[in-house]
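Pasted the sequence and its predicted model underneath.
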Amino acid sequence: MNKFDLAISYIWEYDIDFVNQIEKILQSKGLLTYVISKWNINETIEKVTNKELGFFAYFDRASDADKEFTPLTKILARKKTYLINPYSQVEKYINKSIMHNILLRNRIPVPFTIILPPLQKKIDTLISLRDMEYLGQPFVIKPAFYTGGGDGVLINGMSLFDVIHERGRFVDDSYLIQKRIYPKYLDGKRAWFRILWAFDQIIPFWWNDQTDIYEILTDEDLKKYQLQKLISITLKIARISKIDYFSTEIALSEDDSFYCIDYLNDQCDMRFKSKHFDGVPDEKVTQFIERLHYKVVKVKKAYHLQ
């Protein structure tokens, strides 16, 4: 059998640079990598099934968007390949209606939220006048599952009619109706953050929710602005989910309260800032890949100790 240390699958065209950099770094450290895309997925499934090909670890960036890749994941799971963020493990944590209640039970601060069931299960949109008053205007309306990168999210909801309209977009999905959080400003910067959990390491960013621009959040920033709670919240989410990598959004509000805004995203956008104005700073993409290398080496060692 021809066995590789890491297989990486992808279908998004903007993942090409990320995948190329993974190969460059891991191969420079002596690991063998194998890339899977649309052109070789069927061949790969056949070779894995016939025991001609195997992997110690599999980094799946494809099956969430293309079901043609799903059989490979199932086959590799049976063959004891280490699956990075397997869908069966992350499914409930990427559902915002489920994750919201998990965060509440674990005392992680979240905005005031009303969760409505899917329209196809319950047609009535019952929100009390008291709750509508507490939500204020504008408020946020977001699907629990069918969203990513802000898609499907309405941040300027004004009335019950907006809620009714939005629920009709994805009739099989629950909806979160949330109080809108307004961040304070820290020396002219919006106190809105995106935190990346990367294989047991935290990589924090300033992240402007209006422009999608990343900036590196330094250790000095954490101390200067007393932002250590960003770290503790992320660590809690990591302990709860027990998944290899994710990103979360946290805001510091005008009244100095921290709120987890976008709970857990498992397929992080890893475009390079040098090529995309709203990409991740290049050195932090590299840091993520270094952590991926650490994980693959750990998986390989554990396999040989069995």
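Arrived safely, thanks for sending. Residues are numbered from 1 along each chain as shown.

make it CA atoms for all contacts and neighbour counts henceforth
OK.

so who does the closest residue to Gly168 other than its chain neighbours touch?
Leaving out its chain neighbours, the residue that sits closest to Gly168 by CA to CA, 6 or more residues apart in numbering is Leu119, at 6.8 Å. By CA atoms under 8 Å, 6 or more residues apart in numbering, the contact list for Leu119 reads Arg167, Gly168, Phe170, Val171, Asp172, Asp173, Ser174.

The residue nearest to the first one when sequence neighbours are not counted: what secondary structure?
Pointing back at Arg167 there. Counting by CA to CA, 6+ apart, Arg167 lies nearest to Leu119, which is 6.2 Å off, once chain neighbours are set aside. When classified by DSSP: H, G, I helix; E, B strand; the rest coil, Leu119 comes out as coil.

can you pull out the strands in the stretch 151-300 of the chain?
Using DSSP state E, counting those that start in this stretch, the strands of the stretch 151-300 of the chain run over residues 154-157, 175-179, 185-186, 189-190, 192-198, 202-207, 214-216, 245-252, 258-265.

Any chance of JSON lines for those, columns mean neighbour count, distance to Trp12 and mean pLDDT?
JSON lines is the format used below for the strands of the stretch 151-300 of the chain (neighbours: other CA atoms under 10 Å; distance: least, CA to CA, whole Å; pLDDT from 0 to 100):
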{"stretch": "strand 154-157", "mean neighbour count": "18", "distance to Trp12": "25", "mean pLDDT": "95"}
{"stretch": "strand 175-179", "mean neighbour count": "24", "distance to Trp12": "27", "mean pLDDT": "97"}
{"stretch": "strand 185-186", "mean neighbour count": "12", "distance to Trp12": "35", "mean pLDDT": "98"}
{"stretch": "strand 189-190", "mean neighbour count": "16", "distance to Trp12": "30", "mean pLDDT": "96"}
{"stretch": "strand 192-198", "mean neighbour count": "23", "distance to Trp12": "20", "mean pLDDT": "98"}
{"stretch": "strand 202-207", "mean neighbour count": "22", "distance to Trp12": "23", "mean pLDDT": "98"}
{"stretch": "strand 214-216", "mean neighbour count": "18", "distance to Trp12": "21", "mean pLDDT": "98"}
{"stretch": "strand 245-252", "mean neighbour count": "24", "distance to Trp12": "18", "mean pLDDT": "98"}
{"stretch": "strand 258-265", "mean neighbour count": "22", "distance to Trp12": "16", "mean pLDDT": "96"}
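
how big is the angle separating the helix or strand where His304 lies from strand 202-207?
Element membership of His304 [criterion: DSSP states H and E] is helix 282-305. Helix 282-305 and strand 202-207 are oriented at 160 degrees to each other (axes from the mean of the first three to the mean of the last three CA atoms, to 10 degrees).

quick one, helix 282-305 and strand 245-252 angle?
Going by the same axes, to 10 degrees, helix 282-305 makes 140 degrees with strand 245-252.
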